[in-house]
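1. next come a sequence and a model predicted from it.
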Amino acid sequence: MLSPAGLRQRSDLLQAIRSFFLERDYIEVDTPLRLPILIPEPHLIPFSSEGCFLQTSPEICMKRLLAGGCERIFQICHCFRKEECGRLHQAEFTMLEWYHKGWNYFDLMRQCEELIGWVVRKIPGCAGLTDGDRLRWQGAEVALAPPWERLTVAEAFQRYAAVSATDALRADRFDEILVVEVEPNLGRTRPVFLYDYPVELGSLARRSRNNPAVAERFELYVAGVELANGFSELTDPLEQRQRFQRAIEQIQEGGKTAEMPERLLADLSRLGEVAGIALGVDRLCMLLLGHKDIAQTAPLIFAEL
Amino acid sequence: MYTASDLRKGLKIQIDGEPYIVTEFDFSKPGKGQALYRTKMRNMITGVQFTQTYRSNDKFDRPNLEERKMQFLYAQDNEYHFMDTSSYEQIFLTKEQLGDNLSFLIDNMEVEVLFFGDRPIDITLPTFVNLEVTVADPWAKGDTSGSDTKPVTVQTGFQLQVPPFVEQGDKIQIDTRTGSYITRVKE
């Protein structure tokens, strides 16, 4: 359970995030948490709720609002992912998700730099920070002043892993090698955007125009911690349907069921160019306040109820 | 049967026919990728440690482990013999298997012996044991210059720090988890 002082810091962080987006003319939205259909994602296990699901992410709802004409929206909400529990995972956690029409993933990277800089200035005296903008976490000292490093997935594997990203993917060992060999090195002296994922690992991201083998997806790493995941959104309904179909088949191979999100697909062509990103609020809170574990940053966790 | 999502520190599982205990555990999941269960394990028979990353669909057998209360009888060469006081069955463990437990083990002591199938592999000592002090410097009464503790040796040969008033021949209570002095006991 967070102390009153801890709750105040978490509240200050949430307000700083809100003020950042409101000043930039975003609309804050609050979409339903309980959904009749989810985006088919083989590695996320949803909680069921009276024949429906608790959301694993607000993406499906927020894209519907974008199709309805919104230009810039953000949301701070709870997401639920069954069987996720560890230092950086809780089955229920707080997500910040935002979308900006007319942008691509490089625009979002720049905005991440701005957002974190803004938050750090709004809540001075964070326990995890020294000299205003140097973050100390678990032995890493990270300079937050922009610009941050940009590193492609292929370069990162070349630099830190024993095999290439392509070979790792072919051997079905991409995630394992990323976690064990690559991630611990990322963002230790300044934050890094890892970008251009193999297209198989960016189900909702647009294929790159320069290199059709990769998707315009990035992850932000700070002190080895994966903090945010953003894309240039895939808005071609045909390609999205094919990718969802593969995901549904993978889910079915695991003995579970999933449905095609028809209403989302019908709306997709009305999105135009848009970029979207999700950021783990508990992890940001953990880093800024100098905690070791995201459970220490939540007002209450399940085990305490 | 356990699945990878059951893994946690302290869990005992069977791999290739041998019992292992999870000594370190970390859950990770990159982006929307696969769940990975990173573990460090110790073979409960050989003590050999290794690290391994598992995935959600990995499964493990439960090892057939059982604890039985037994009494320590005697040591001969490298073998330490114990007896089940109800069935009179006798077994032994080696010096290597007992390791640091030997610092506190004395004749007739009741311990929990851990069996893997029919095979004894480890013991758990009582949390508190009473041992006799066999070597201690005499207590110089009124000595205000000295430190708060002094070293003594107990009957097993184990050495520890105790308050200065403890003398040779005294019995003292020791916490077997930490090897530290608790109190002097009168018998």
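-> Nice, thanks for sending it over. All figures in this text were calculated on a predicted structure; none of them were measured in a lab.

2. please make it C-alpha for all contacts and neighbour counts, starting now.
-> Fine.

3. is it true that residue A:304 touches residue A:295?
-> No: shown here, residue A:304 and residue A:295 do not form a contact pair, counting by CA atoms under 8 Å, at 10.5 Å.

4. which one of the two has more residues nearby?
-> Just comparing residue A:304 and residue A:295: by other CA atoms under 10 Å in any protein chain shown the higher neighbour count belongs to residue A:295, 24 against 6.

5. name the SS class of that one, please.
-> helix (DSSP: H, G, I helix; E, B strand; the rest coil).

6. next up, phi/psi of residue A:231, please.
-> In terms of degrees, to the nearest 10, the main-chain angles of residue A:231 are phi -140, psi 160.

7. and what of residue B:32?
-> Its backbone dihedrals place residue B:32 at phi -100, psi 30, with angles given as degrees, to the nearest 10.

8. excluding its backbone neighbours, what's nearest it?
-> Leaving aside its sequence neighbours, residue B:32 sits nearest to residue A:43 (CA to CA, 6 or more residues apart in numbering or on different chains; 6.4 Å).

9. what strand or helix carries the residue of chain B found nearest chain A?
-> Of chain B, the residue with the smallest distance to chain A, taken as CA to the nearest CA, is residue B:27 at 5.0 Å. Taking DSSP states H and E as the criterion, residue B:27 maps to strand B:18-28.

10. buried stuff in that strand?
-> Residues of strand B:18-28 classed as buried: B:19-23, B:25-28 (neighbour count, 16 or more other CA atoms under 10 Å in any protein chain shown).

11. same check on stretch A:208-224?
-> Residues of stretch A:208-224 classed as buried by neighbour count (16+ other CA under 10 Å): A:208, A:214-224.

12. tell me which parts of chain B are close to chain A?
-> Chain B comes close to chain A at residues B:5, B:26-36, B:53, as judged by CA under 8 Å from any CA of the partner chain.

13. please redo it, this time with the cut-off set to 10 Å
-> Within chain B, the positions adjacent to chain A are B:5-6, B:8, B:25-38, B:53-57 by CA under 10 Å from any CA of the partner chain.

14. please identify every residue contacting each of residue A:304 and residue A:295.
-> Overlap of the contact sets of residue A:304 and residue A:295 (by CA atoms under 10 Å, 6 or more residues apart in numbering or on different chains) consists of residue A:1.

15. just to revisit the earlier point, per-residue pLDDT, the residue nearest to residue B:32?
-> Per-residue confidence for residue A:43 comes out at a pLDDT of 91.

16. wait, it sits on residue B:55?
-> No: with contact defined as CA atoms under 10 Å, residue A:43 does not reach residue B:55; the gap is 11.0 Å.

17. between those two, which contacts overlap?
-> B:34-35.

18. now do stretch A:203-211, average pLDDT.
-> Model confidence over stretch A:203-211 averages 95 on the pLDDT scale.

19. from the chain's centroid, how far away is it?
-> Computed by CA atoms, centre = their mean, to the nearest Å, the separation of stretch A:203-211 from the middle of its chain amounts to 17 Å.

20. same question, stretch A:60-74
-> Centroid separation between stretch A:60-74 and its chain, computed with CA atoms, centre = their mean, is 17 Å.

21. what comes up buried for that stretch?
-> A:60-67, A:70-74.

22. and these as TSV, adding distance to residue A:162 and pLDDT?
-> Converted to TSV, those look like this (distance: CA to CA, whole Å; pLDDT from 0 to 100):
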residue	distance to residue A:162	pLDDT
A:60	37	97
A:61	40	98
A:62	39	98
A:63	39	97
A:64	42	97
A:65	44	97
A:66	42	98
A:67	43	97
A:70	45	97
A:71	43	97
A:72	41	98
A:73	41	98
A:74	39	98
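
23. any chance of those residues in JSON lines, plus distance to residue A:145?
-> Output for these, formatted as JSON lines (distance: CA to CA, whole Å):
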{"residue": "A:60", "distance to residue A:145": "34"}
{"residue": "A:61", "distance to residue A:145": "34"}
{"residue": "A:62", "distance to residue A:145": "31"}
{"residue": "A:63", "distance to residue A:145": "32"}
{"residue": "A:64", "distance to residue A:145": "35"}
{"residue": "A:65", "distance to residue A:145": "34"}
{"residue": "A:66", "distance to residue A:145": "32"}
{"residue": "A:67", "distance to residue A:145": "35"}
{"residue": "A:70", "distance to residue A:145": "32"}
{"residue": "A:71", "distance to residue A:145": "29"}
{"residue": "A:72", "distance to residue A:145": "26"}
{"residue": "A:73", "distance to residue A:145": "26"}
{"residue": "A:74", "distance to residue A:145": "24"}
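
24. do a quick rundown of the helices in the chain.
-> If you meant another chain, say so; for now it's chain A. In chain A, the segments counted as helices under DSSP state H are A:4-23, A:59-67, A:105-122, A:153-160, A:165-170, A:174-177, A:237-253, A:262-268, A:281-289.

25. the intended chain is chain B.
-> Listed in chain order (using DSSP H), the helices of chain B are B:95-98.
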